[in-house]
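In: Mind folding the following:
(2 chains)
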Amino acid sequence: MIKSFFREYAGILGGLLILCLVSSFLSEYFWSVNNVTNIILQTSIVAIVAFGMTYAILLAGIDLSVGSIVALTGLVLVIGLTNGLPFGLMLPMALLVAVFCGFSNGFITTWLGVHPFIVTMSFMGIWRGVAMLTSDGQAVSLYDNAPFEYIFNGYLFGIPFPIIILLSMIALNHFVLSKTTFGRRVYIVGGNPEAAAYSGINVSKTTIYSYMITGLMAGVGGVMLASRMFSAQPTAANGMELDAIAACVLGGTSLTGGRGTIIGTLIGALIIAVLSNVMSLMNVDFFVSLIVKGVVILIAVGIDVYKNKRKST
Amino acid sequence: MSKVLLETVGLCKHFGDNKAVDGLSIRFRAGRVHTILGENGCGKSTTLKMLAGVHPPTFGSILRNGKNVEFKSPRDSRDNGIAIIFQELSLCNNLTVAENIFANNEPHRFGVIDSKKIISDAEGILNKYHIPISAEVKVGSLSMAQRQLVEIAKGLSYPSDVVIFDEPTSSLSDSEVEILFNIISELKSENKAIIYVSHKMAEIMRISDDITVMRDGQYIDTVDKAETSIDPLITMMVGREMSDIYPSKNESASEIGDLVLSVKSLTNPNAFHNVSFDLHAGEVVGFFGLVGAGRSDVMNALFGMLPYEGEILIKGKKVAIETPIIAIENGIAFVTENRKEEGLVLDHSVHINCNLASFERIATRGLINERAEVSQTEESIKRMNIRVQNRHQSVGALSGGNQQKIVLAKWLERQPDILILDEPTRGVDVGAKYEIYSIIRELTEKGTAVILVSSELPEVMNMSDRLFVMREKKLVKEFKTKGLTQDKVMVYATGVDSND
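Out: The predicted model follows:
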């Protein structure tokens, strides 16, 4: 079990390890408890959004609207709370909005039979616009709301609460994809939708449910981001969809569908986070860091393609 | 004896521990059709790929006109005058026939493609080999069989004196097979060496001069066609005596059971008209017809993939089959004619594919039952004699016969009452065919009702109890197969009396 785990992720795990090793030489501060915690905290939101993205990509689809869903969810939550509604009501409400956004993506994709790239690109604009309209384009701040602040800033058993959320999202999504019949359906539909239909799998339902999960994960990310900023911003998480896609791809999720795991995505997200972290520790110019990140993704994908080619001949 | 144009000496290709080809020595002579024969997985595809420069050999050498050559890429092989026509189509549907024939090899003037010359050159090739297709139509508008002929013309557009055909007739109908055989005899008269790979024994016996048999990567023997016949060849191929290609029916168990399926005036305006038939437990009903007669469409309607008017009764109860899910719930299983597209997830493991239609059923409250699945997979591998390294291997790498057995396994795990088989032995070697036929016999003895759709007349006639013939989207005739002759069936299938 452990052996097969390491064999499966040998490539990216090795990459992450080398990256950490190099980083520890470049900066003595790298391995400090503070910095490691910081890396995990910083990656937690993107990683959770990327878990949702993994479902979409496993279906050979994509969800470009997750960044907008993150912003919209945060706004729904914070606007509700500033108007005096209880947290216990607003949290499920906000997440429900996120699930609805995901439902729209899945439903219209299957109903029109259009590639999700087009559908989710449209919704990326639509939800961002809705967020802008509801907030007049302004950030909405919220202080002195204990449960709201606790989400990203609290501690449970001495562990930062966002890390608890991250761990439970890993466990939940890994469980769904590897142990449930729904997860199996996602892999089969993504691997070959025709064969799935001929085997008696409801392809539309599987697709819609998957995008609902993608939406839900973006919603969880949105709630965490708002708590972290003590405010909701209509421009928040602009471009986060690309970080999420990068994490999936780095983690070995195939854009042609049917192949990929939550653990892979997690490692992918960690690689990006460590890379950003070490570059900021070393005061690398932000513009240069963009280039470095792009190059690293290309190299990782190149290695993956090369490995698969060798396996198939 | 004529000149040796191409020769392999001790050719080997090993993939890790797997010896796909092990010590193959063959001589291909000018003006002769040399068939390589063997079951799926015997190493003939790998051999062709070495000759085509796709795989470099592990050991051994390839001699061209007596000289040692090394092919590093398909281009090297082509530049050495070897033309290969692969089974998979490599045509662009949005381009014309002429543009496809000269794809990546366009005649040009001043760096610009000479569009007039492309057409005239393409017409030259098409006319030379009597291929009745216009050079200027888009490939997308052609039938699959016509596309295969374009593929052949494309292969022949390069100067070559060794021409390799990899199962060229698998998607051709009879009239196009004749065109192909004319091309081959034309090539023969030009004194080229032709290497031919096919599963169809009848056509191999018709066009071959030499036949080399391979088994499990090993060279078995090369024989002169004139000095052999089908039976010893099959014995050499499978390595055991095979008294008959079709397993005989257990007569004592041939009691036809209760009515399980009753189809009444089934109609889909675009696909088939007024189709009615009954199916009983324990019987095999064959469906024969030419390509496009509507057989597969009827089966797709029975499985909820095509809308229909009319009535379907299962065990006397009227059922509206709107989706495959409803069909499956009513005990129907459907092995479609395209296993790669509709039957399997090629990227996924043998294990996942064996449980494709049943993982839901053996799950408890939405949770995968890993242990039950594994034992089911292992049992299927044993029962169906599926040759795999282990259950984690991806099915894309398996031979056609093994893939087809997995599609069957995936359905048998649901123990269906009605099993629809559409071209179950297409692209499957003789040994695996026999095994698939045996499974059909075993199932009917246990009371499963089987519908067998096939374009191979001997297959449907030997395996079925009753035979329906379809022509132009209609059911035109029902036969009892006992004492039936092929001529009688063909009269109804083609609508032409052969005695006219």
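In: Minimum distance to chain A, which residue of chain B gives it?
Out: B:Val345 (3.7 Å; C-beta to the nearest C-beta). For every residue, glycine as well, the C-beta is placed using N, CA and C.
In: does that residue count as helix, strand or coil?
Out: coil (DSSP: H, G, I helix; E, B strand; the rest coil).
In: which residue sits closest to B:Ser157 in space, ignoring its chain neighbours?
Out: Spatially, and ignoring its direct neighbours in sequence, B:Ser157 is nearest to B:Ile101 (5.2 Å; C-beta to C-beta, 6 or more residues apart in numbering or on different chains).
In: What count of nearby residues applies to the residue of chain B closest to chain A?
Out: 26 (other C-beta atoms under 10 Å in any protein chain shown).
In: Contacts only, for it.
Out: Contact analysis of B:Val345 by C-beta atoms under 8 Å, 6 or more residues apart in numbering or on different chains lists A:187-188, A:191-192, A:195-196, A:258, B:352-353, B:356, B:395.
In: from those residues, which two are the most distant?
Out: Between any two of the contacts of B:Val345, the greatest separation by C-beta to C-beta is 14.6 Å, found for A:Ala196 and B:Val395.
In: Report the separation between the closest residue to chain B within the stretch 101-250 of chain A and A:Pro147.
Out: Across the stretch 101-250 of chain A, the shortest distance to chain B (C-beta to the nearest C-beta) belongs to A:Gly191, at 3.7 Å. From A:Gly191 over to A:Pro147 the distance is 42 Å, taken as C-beta to C-beta, to the nearest Å.
In: Looking at those two now, which is surrounded by more residues?
Out: For A:Gly191 versus A:Pro147, neighbours defined as other C-beta under 10 Å are more numerous around A:Gly191 (25 against 14).
In: Double-check the more buried one against A:Gly258; I have them as touching.
Out: Yes: the pair A:Gly191 / A:Gly258 is scored as a contact, 3.0 Å apart, by C-beta atoms under 8 Å.
In: what is in contact with those two at once?
Out: By C-beta under 8 Å, 6+ apart, the residues touching both A:Gly191 and A:Gly258 are B:345, B:347-348.
In: Contact partners for B:Val453?
Out: Residues counted as contacts of B:Val453 (C-beta under 8 Å, 6+ apart) are B:286-287, B:295-296, B:299, B:337, B:420-423.
In: cool, B:Asn18 as well?
Out: B:Gln389.
In: picking up where we left off before, go through the contacts of B:Val453 and flag which are in helices.
Out: B:295-296, B:299 (DSSP state H).
In: By neighbours, which of the residues you listed wins?
Out: B:Arg295 (27 neighbours).
In: ok, that residue to A:Gly129 distance?
Out: 53 Å.
In: same thing with B:Ser120?
Out: Taking C-beta to C-beta, one finds B:Ser120 at 58 Å from A:Gly129.
In: any residue of the helix or strand containing A:Ile57 up close to chain B?
Out: Using DSSP states H and E, A:Ile57 maps to helix A:33-58. No: judged by C-beta under 8 Å from any C-beta of the partner chain, helix A:33-58 and chain B are separated, with a smallest distance of 11.6 Å.
In: Which elements pack onto that helix?
Out: helix A:66-82, helix A:161-179, helix A:181-191, helix A:203-229, helix A:240-250, helix A:262-281 (3 or more C-beta pairs under 8 Å, 6 or more residues apart in numbering or on different chains; DSSP states H and E).
In: just checking, what packs against the fifth one?
Out: Just to be clear, that refers to helix A:240-250. Right, helix A:240-250 is packed against helix A:33-58, helix A:66-82, helix A:262-281, helix A:286-312 by 3+ C-beta pairs under 8 Å, 6+ apart.
In: Equivalent analysis for the longest one, please.
Out: Judged by 3+ C-beta pairs under 8 Å, 6+ apart, helix A:203-229 is in contact with helix A:33-58, helix A:66-82, helix A:87-112, helix A:146-153, helix A:161-179, helix A:181-191, helix A:193-198.
In: That one to helix A:146-153, inter-axis angle?
Out: 100 degrees (axes from the mean of the first three to the mean of the last three C-alpha atoms, to 10 degrees).
In: Kindly report the same for the second one.
Out: Between the direction of helix A:161-179 and that of helix A:146-153, the angle (the same axes, to 10 degrees) works out to 70 degrees.
In: residues in contact with helix A:161-179?
Out: So helix A:161-179 is contacted by A:37, A:40-41, A:44-45, A:47-48, A:51, A:54-55, A:58, A:150-156, A:182-183, A:186-187, A:213, A:217, A:220, A:224, A:228, A:261-263, A:266, B:367-368 (C-beta under 8 Å, 6+ apart).
In: Try it again at 7 Å.
Out: Residues from elsewhere that reach helix A:161-179 (C-beta atoms under 7 Å, 6 or more residues apart in numbering or on different chains): A:40-41, A:44, A:47-48, A:51, A:150-152, A:154-156, A:182-183, A:186, A:220, A:224, A:261-263, A:266, B:367-368.
In: Around chain B, pick out the residues from chain A.
Out: Neighbours of chain B within chain A, by C-beta under 7 Å from any C-beta of the partner chain: A:179-182, A:184, A:187-188, A:191-192, A:194-195, A:197-200, A:202, A:258-259.
In: now, of the helices and strands packed on helix A:240-250, which is deepest in the fold?
Out: The highest mean neighbour count among those, using mean count of other C-beta atoms under 10 Å in any protein chain shown, belongs to helix A:66-82: a mean of 27.
In: Check the gap between B:Leu6 and B:Tyr158 for me.
Out: Counting by C-beta to C-beta, the gap from B:Leu6 to B:Tyr158 is 15 Å.
In: okay, those two: which has more neighbours?
Out: When B:Leu6 and B:Tyr158 are compared for neighbours, B:Leu6 comes out ahead with 25 against 14, by other C-beta under 10 Å.
In: residues in contact with the more buried one?
Out: Counted by C-beta under 7 Å, 6+ apart, B:Leu6 has contacts B:28, B:64, B:162, B:193.
In: Can you report phi and psi for it?
Out: phi -140, psi 140 (degrees, to the nearest 10).
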